[in-house]
Each structure stands twice: as C-alpha cells, then as structure tokens.
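Student: Fold the following and give me the result.
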Amino acid sequence: MSKVHTVAVLVGSLRKQSINRKVALALAELAPANLKLNIVEIGDLPLYNEDIDVTPPAAYSTFRQQVSSSDAVLFVTPEYNRSVPAPMKNAIDVGSRPYGKSAWGGKPGAVISVSPGAIGGFGANHHLRQSLVFLNVPCMQQPEAYLGGAGAAFDEAGKLSESVRPFLQGFINAYADWVEQHKKA
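Tutor: Here you go, the predicted model:
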C-alpha cells in the first residue's frame, strides 16, 4: 500500500453548517485509504498585513505550520461576486508569506466549487486556479469540479444525496491519483 498523504482542506465558507463544509466532510469520508483529509480553519486569521507579520500572530504561525506539514491541499469554495470569498483569499496570502517561505509550494492541489446556483461557482474556481499557478501548486485539471444546485446535495439530516455521491467519489478518487503522481520525494 502507498503512503497515507495528509491533505490540508481549506473551506471558503465560514458558516458551521455551510454546504461547502458538508462537502469537505463528505469528501473526507469518501477519500481512498491513501488520503487523510484535515480541515484547516481559516476564519480566525487576521487580515494579512506585513506590518504585523514582523512578529507573526499565533494564528498565522499555526496556519502556516498546518499547511506546510501537509502533503497536499484541497480547496472547497463557494463563489462570492464571481470570485473567492475574502477569507479564502486571505488564507492564501497568509500562507504565501513571508516572501520566499510559502507554505504552498509544490503541494499537489485541487479545487471544487460548491454553490446553490446553477453554474456551481465557476468564477471562484477559476480565480482560485490563477492564484495556484503563481503559488507553484500543481492543480488537478481534470476532472473539473463544480457542484451546482448544491442545496439539494444533502437531506435534512445532513446525509449526502445518492445522486451526488458518484460525482464526489469520482473527484476524490482522481485527486488521490493526482496526489500520488505529484508527491514530493
């Protein structure tokens, strides 16, 4: 059996009962044995400010350590105004600093955008991918993952819909292969 790879999962929605968080938890349950998904919280990160990063706040240091110590990264994001939510962008900025010490570099990544709308967060997905290119995160290109109509992805008890399960299973299986192919030596 191959090594178990730890995956830092960033969820762009801060609501405790957000659909994005539910999708992240569902992916953790569906993940093959070679992946261990851990949600890295981003809601308590102060807005990135180089002035306070001279002596980094504990939240910056903890976040950077969590991302740095992971083998891979997975972004689960809603779309706000055709882009990523501010907390997600802030987390990306915090993790990319200080200059030359990015926590992101070389970690295999993937993006899934989740939205109750019809286009499934297409704009956020692609904006995030633009940042990942600069951050040297080899991002899985296929399958692309946009989960539209996500309000129906879970029943009232929070159970994943059987109609969505194959889509998420296919995505996480492909991501596991991606991580295996792009792991650091």
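
Student: Residue 8 - nearest residue in space that isn't next to it in sequence?
Tutor: residue 70 (3.8 Å; C-beta to C-beta, 6 or more residues apart in numbering). All C-beta atoms are positioned from the backbone trio N, CA, C, and that covers glycine.

Student: And the one you found, how far from residue 54?
Tutor: For residue 70, the distance to residue 54 equals 26 Å [C-beta to C-beta, to the nearest Å].

Student: neighbour count winner among the two?
Tutor: residue 70 (20 against 8; other C-beta atoms under 10 Å).

Student: mind checking the SS state of the more buried one?
Tutor: Following DSSP: H, G, I helix; E, B strand; the rest coil, the label given to residue 70 is coil.

Student: Same question for residue 32.
Tutor: Three-state assignment for residue 32 (three-state DSSP): coil.

Student: do the same with the one 10 residues further on
Tutor: Here residue 42 takes the coil state, with states given by three-state DSSP.

Student: coming back round to it: show me the contacts for the residue nearest to residue 8.
Tutor: The contact partners of residue 70, by C-beta atoms under 8 Å, 6 or more residues apart in numbering, come to 6-8, 38, 40, 107.

Student: Swap in 7 Å and give it another go.
Tutor: Residue 70 is in contact with 6-8, 107, counting by C-beta atoms under 7 Å, 6 or more residues apart in numbering.

Student: Residue 49 now?
Tutor: Residue 49 neighbours (C-beta under 7 Å, 6+ apart): none.

Student: what's the neighbour count on residue 172?
Tutor: So residue 172, with other C-beta under 10 Å, has 24 neighbours.

Student: counting residues per helix, which one in the chain is longest?
Tutor: Ordering each helix of the chain by length in residues (DSSP state H) puts helix 165-182 first.

Student: what's next to that helix, contact-wise?
Tutor: Applying C-beta under 7 Å, 6+ apart, the contact partners of helix 165-182 are 2, 5, 26-27, 30-32, 34-35, 71-72, 74, 108, 110, 112, 138, 140, 143, 145.

Student: Give me the number of neighbouring residues for residue 65.
Tutor: 12.

Student: try residue 38
Tutor: Neighbourhood size, residue 38 [other C-beta under 10 Å]: 14.

Student: surely it meets residue 5?
Tutor: No - between residue 38 and residue 5 there is no contact under C-beta atoms under 7 Å: 11.1 Å.

Student: that older thread, mind listing what's buried along the longest helix of the chain?
Tutor: Residues of helix 165-182 classed as buried: 167-169, 171-172, 175-176, 178-180, 182 (neighbour count, 16 or more other C-beta atoms under 10 Å).

Student: any chance of the residues you listed in a markdown table, with distance to residue 151 and pLDDT too?
Tutor: Formatted as a markdown table, those follow (distance: C-beta to C-beta, whole Å; pLDDT from 0 to 100):
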| residue | distance to residue 151 | pLDDT |
| --- | --- | --- |
| 167 | 15 | 96 |
| 168 | 15 | 97 |
| 169 | 20 | 98 |
| 171 | 19 | 98 |
| 172 | 21 | 98 |
| 175 | 24 | 98 |
| 176 | 27 | 98 |
| 178 | 28 | 97 |
| 179 | 30 | 97 |
| 180 | 33 | 95 |
| 182 | 33 | 93 |
